[in-house]
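In: The amino acid sequence is not available; the structure is as follows:
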């Protein structure tokens, strides 16, 4: 693993190790993206969206763009949660304005044919990580990531994004043991993918369970908490110093059980999470991150400043990372991002 | 108000008054609807969906259909949350397969022109309630309902349903005081609409805040809890014996503050709510209702039975009403509904 400055001087790593900082570190989910004109310019040089993910030179460039502009405390690899199914043999296409499309997986015998050895196909992603580790400023932590098995399964089974995850749920409810086989395959592939990112230089990992909030409690335990726990245990055994952040979006009060049981070091809070619950029930377990509404970043002005100050007031007295409750949206004015960074850094405790 | 048997012999009213029952009452959100062939047959007799809502004879018929089939403990008036904006002067159209469409309200001077005196326009709805109170079996409680101001505002401002409520949020964040004027108008109209339903014979009221879960905590307090509290206080002053159920969908841990502060008698739990949180934090406050995933009712079989037994096991030892976590979906086999009712009734404590 390359090394530059000792990792523990990086603010994100200090917060995740349980330190309360005068000025919390800040980074934003989907900080590299369409709201930046320089991203849109680079994007035109790649063919498809997936071509951009698999092009180390261009992926490095778009990952660095928000760091140059805003000097975030962490940089998250530019990639997508669907590179894993793509590498497993479920070809993914991104159609402009439509989102991702896959050939839906609907038969149990197709599960056995999924390839969990994803690292060869994903070699360009690890090359991007290696480049970033060299090009990032010494104080910037590098985050690798993957989708959680449940969330990735909703795309593999559904064949596209959906609001109710009906196709994946239909299978999960009809034949839980078959669905478990799919989840197990995704657990294995995800461990390989995240491990390869650490070996290439990632210092922190985040697991995105975007659709965790559509699972009933019983299934949340089986298909969100349990697979994540297996992944985290495997990663901790191999890389005991690399913290993992979990993002069970929409988990509400179940976020406490998720935080306690998965073994993660940081919990990312969605937009709707109760801040008093976060303060009283979640921060005693470990570091939390979030939860500004991305649409407040679009609005900017007084509403954004009040909400950001409210979050800081509630959460900064314990280990905390400033972030959004979900990814930046394309219509975000970049100057609002600059104002947010200034506010968070300009109001030390 | 018409009276048949004393209200308090009805199971739903007993549960909402704080009684733990051997066999919990059961009704299902959207129990009158497209999954029933007899509904689809009646539907063809009406012009538009809204024509059906405004036709007392046909609306009564579709409300009664699930009671005849399944003998639910409660009947919910067949209507829609968007009859209120329709009556306020924001004409609503339902396009087949597209959902509701309204002329988006985007200027503050249009708010002053909203008509809060909705009861004349909605007279056919109250006529349906009066008919139902006569035609329902003596043991069946009659539920009236309305959308919560925040949720209705997302349609009025957005002009249609949306997944991120971006248009309403943009206004709310840009000019909170203007948005408050819209919410205040909706509070006034909602009080009138719910009061008229009670005067016509509704014995329980439910307030649907379908999009509560998209509000950050700060805004959840201002635009979900506070308006609901005002509505509930006005209703309790006029009708102290009529319990109100709140449904802040997606509120997660914030459901506790909602339950404590709004003054409601029952809290409806969405699909993702933690059952241990419901048992330990919510039931000590009052009666809870929910939370079976409607897609488990589509799946049926072992998964549905296990989940229903799990919910019963967690919640039946305190005041509880069996229900779904969201409305029945059209692809639900009616025989699964029959099996669920049998399971809930067939396994007394």
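Out: That came in fine, so what should we check first? This is a predicted model, so every value here is computed, not measured. Residues are numbered from 1 along each chain as shown, chains lettered A, B, ... in the order given.

In: element containing the residue of the stretch 51-200 of chain A found nearest chain B?
Out: Relative to chain B, the nearest point of the stretch 51-200 of chain A is residue A:173 (3.5 Å; C-beta to the nearest C-beta). In short, each C-beta sits where N, CA and C put it, glycine included. Per DSSP states H and E: residue A:173 is located in helix A:166-174.

In: ok, the helix or strand following that helix near chain B or not?
Out: Going down the chain from helix A:166-174, the next helix or strand is helix A:176-200, by DSSP H and E. Yes. Shown here: helix A:176-200 in contact with chain B (C-beta under 8 Å from any C-beta of the partner chain) through residue A:176.

In: list the helices and strands the helix or strand immediately after helix A:176-200 in the chain packs on?
Out: As assigned by DSSP H and E, the chain's next helix or strand after helix A:176-200 is strand A:204-209. Of the remaining helices and strands, those touching strand A:204-209 by 3 or more C-beta pairs under 8 Å, 6 or more residues apart in numbering or on different chains; DSSP states H and E are helix A:11-16, strand A:141-147, helix A:149-158, helix A:176-200, helix A:226-238, strand A:244-248.

In: Just the angle for strand A:204-209 relative to helix A:176-200, thanks.
Out: Inter-element angle recorded for strand A:204-209 and helix A:176-200: 160 degrees (by axes from the mean of the first three to the mean of the last three C-alpha atoms, to 10 degrees).

In: Just the buried residues of strand A:204-209, please?
Out: For strand A:204-209, burial by neighbour count (16 or more other C-beta atoms under 10 Å in any protein chain shown) applies to A:204-209.

In: got it, and stretch A:160-169?
Out: Buried, per 16+ other C-beta under 10 Å, within stretch A:160-169: A:162, A:164-169.

In: what's the spacing between the residue of chain A found nearest chain B and residue A:281?
Out: Closest contact between chain A and chain B, by C-beta to the nearest C-beta, is at residue A:252 (2.2 Å). Using C-beta to C-beta, to the nearest Å, residue A:252 is found at 11 Å from residue A:281.

In: so how far does stretch A:98-115 reach from one end to the other?
Out: 27 Å (C-alpha to C-alpha, to the nearest Å).

In: Same check on stretch A:93-106?
Out: End to end - C-alpha to C-alpha - stretch A:93-106 spans 18 Å.

In: Contacts only, for the residue nearest to residue A:271 when sequence neighbours are not counted.
Out: Closest residue in space to residue A:271, ignoring its immediate chain neighbours: residue A:325 at 3.0 Å, by C-beta to C-beta, 6 or more residues apart in numbering or on different chains. If you count contacts by C-beta atoms under 8 Å, 6 or more residues apart in numbering or on different chains, residue A:325 has them with A:269-273, A:290-294, B:216.

In: Please apply the same query to residue A:330.
Out: A:33-35.

In: Repeat the analysis, applying 6 Å as the threshold.
Out: By C-beta atoms under 6 Å, 6 or more residues apart in numbering or on different chains, the residues touching residue A:330 are A:34-35.

In: Spell out which residues of the stretch 51-200 of chain A are next to chain B.
Out: A:163, A:169, A:173-174 (C-beta under 6 Å from any C-beta of the partner chain).

In: about what we covered before: redo the buried residues of stretch A:160-169 as CSV? Include pLDDT and distance to residue B:103.
Out: Listed next are these as CSV, based on pLDDT from 0 to 100; distance: C-beta to C-beta, whole Å:
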residue, pLDDT, distance to residue B:103
A:162, 84, 29
A:164, 91, 28
A:165, 95, 32
A:166, 95, 31
A:167, 96, 35
A:168, 97, 37
A:169, 97, 36
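
In: okay, the residues you listed in a markdown table with distance to residue A:123 next?
Out: Shown next, in a markdown table, are the buried residues of stretch A:160-169 (distance: C-beta to C-beta, whole Å):
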| residue | distance to residue A:123 |
| --- | --- |
| A:162 | 31 |
| A:164 | 36 |
| A:165 | 31 |
| A:166 | 35 |
| A:167 | 31 |
| A:168 | 29 |
| A:169 | 34 |
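
In: before we move on, the earlier item: among residue A:252 and residue A:281, which residue is more densely surrounded?
Out: residue A:252 (28 against 17; other C-beta atoms under 10 Å in any protein chain shown).

In: which of the residues of the stretch 51-200 of chain A next to chain B has the weakest pLDDT?
Out: In this model, the minimum pLDDT among those belongs to residue A:163 (81).

In: What segments of chain A are strands?
Out: A:74-76, A:92-95, A:99-102, A:141-147, A:204-209, A:244-248, A:266-268, A:287-292, A:320-324 (DSSP state E).

In: Next up, phi/psi of the nearest residue to the residue of chain A closest to chain B once chain neighbours are set aside, please.
Out: With sequence-adjacent residues excluded and distances taken as C-beta to C-beta, 6+ apart, residue A:252 is closest to residue B:252, at 2.2 Å. According to degrees, to the nearest 10, the main-chain angles of residue B:252 amount to phi 60, psi -130.

In: Residue B:252 reaches residue A:254, doesn't it?
Out: No. Taking C-beta atoms under 6 Å as the definition, residue B:252 is not a contact partner of residue A:254, at 7.9 Å.

In: okay, now the nearest residue to residue A:49 once chain neighbours are set aside: neighbour count?
Out: Of all residues not flanking residue A:49 in the chain, residue A:94 sits nearest, at 3.9 Å (C-beta to C-beta, 6+ apart). Neighbour count for residue A:94, taken as other C-beta under 10 Å: 17.

In: low pLDDT regions in chain A?
Out: Residues of chain A meeting the criterion pLDDT under 70: A:1-8, A:348-349.

In: For beta bridges, what are the partners of residue A:247?
Out: residue A:208 (DSSP bridges).
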